[in-house]
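Asker: here is a sequence with its predicted model. Questions after.
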Amino acid sequence: MDPETAILETEEAMEKAVEYLHHEFATVRTGKASPSLVENIDVHVHSYGSTMKLKQLAMITAPEARLLEVKVFDPATTQDVERAIRESRLGLNPAAAGISLRIPIPELSEERRIQMVKLIKQIAEEGKVRVRSARKEGMDAAKKMKADNLLTEDGQKDHEAEVQKLTDKYVKIVDELVVAKEKEVMKV
């Protein structure tokens with residue numbers, strides 16, 4: 001592995017950590033209905049004997065600002081979908097209406113908003129752990145390239161400085177995402 005490839009791989013891993021955060025933040029409830037809020041809920045379907053994502057089992061729409069509608073493709077899965085939504089950490093209470101489920105999105109109380117902010121910070125910490133893990137792999141790659149005589153001692157230090165620069169950049173992006181999401185959740 002050459003130094004440029006190692007830096008590119010490190011940056012790619014850090015970009016994936018930020019993508020993970022975007023994905024996870026989309027599932028944090030902010031008080032307005034969005035299909036992304038529930039689409040990745042894992043649903044254990046007894047009749048299929050497997051676990052699937054909700055978006056694979058149903059069409060999810062937001063007909064109103066505070067209402068989600070989930071139309072299951074197979075009516076036999078309605079109860080499994082309803083149970084999975086109730087048991088998710090979102091605190092939603094779906095109501096069955098034939099083959100579809102109507103999910104009212106209640107306005108968040110102050111206490112619930114504070115809980116959501118804690119959840120956001122917890123998710124952000126997971127993202128930072130991923131960035132730090134990519135940093136460690138980048139630093140280890142520099143040591144390995146030095147041991148293989150692909151880098152000089154100064155080259156190793158330059159490589160490590162570049163990895164640290166990337167780490168600082170992506171940790172800053174994570175912090176900015178947290179501030180933006182926290183502001184969105186606390187907005188009444």
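Answerer: Here it is on my side, so go on.

Asker: so who does residue 50 touch?
Answerer: Residue 50 makes contact with residue 44, according to C-beta atoms under 8 Å, 6 or more residues apart in numbering. Just so you know, the C-beta spots here come from the backbone N, C-alpha and C atoms, and that holds for glycine as well.

Asker: swap that for residue 85, please
Answerer: Residue 85 sits next to 38, 41, 54, 70, 92, 94, 101, 103 when contact means C-beta under 8 Å, 6+ apart.

Asker: any idea how far the closest residue to residue 42 other than its chain neighbours is from residue 16?
Answerer: Once flanking residues are discounted, residue 42 sits nearest to residue 51: 5.2 Å by C-beta to C-beta, 6 or more residues apart in numbering. Relative to residue 16, residue 51 is positioned 23 Å away (C-beta to C-beta, to the nearest Å).

Asker: same question, residue 125
Answerer: Using C-beta to C-beta, residue 125 is found at 17 Å from residue 16.

Asker: do residue 163 as well
Answerer: 16 Å.

Asker: higher neighbour count, those two?
Answerer: Each of residue 163 and residue 16 has its neighbours counted (other C-beta atoms under 10 Å); residue 163 has more, 24 against 13.

Asker: A strand includes that one, no?
Answerer: No: assigned with DSSP: H, G, I helix; E, B strand; the rest coil, residue 163 falls outside any strand and is helix.
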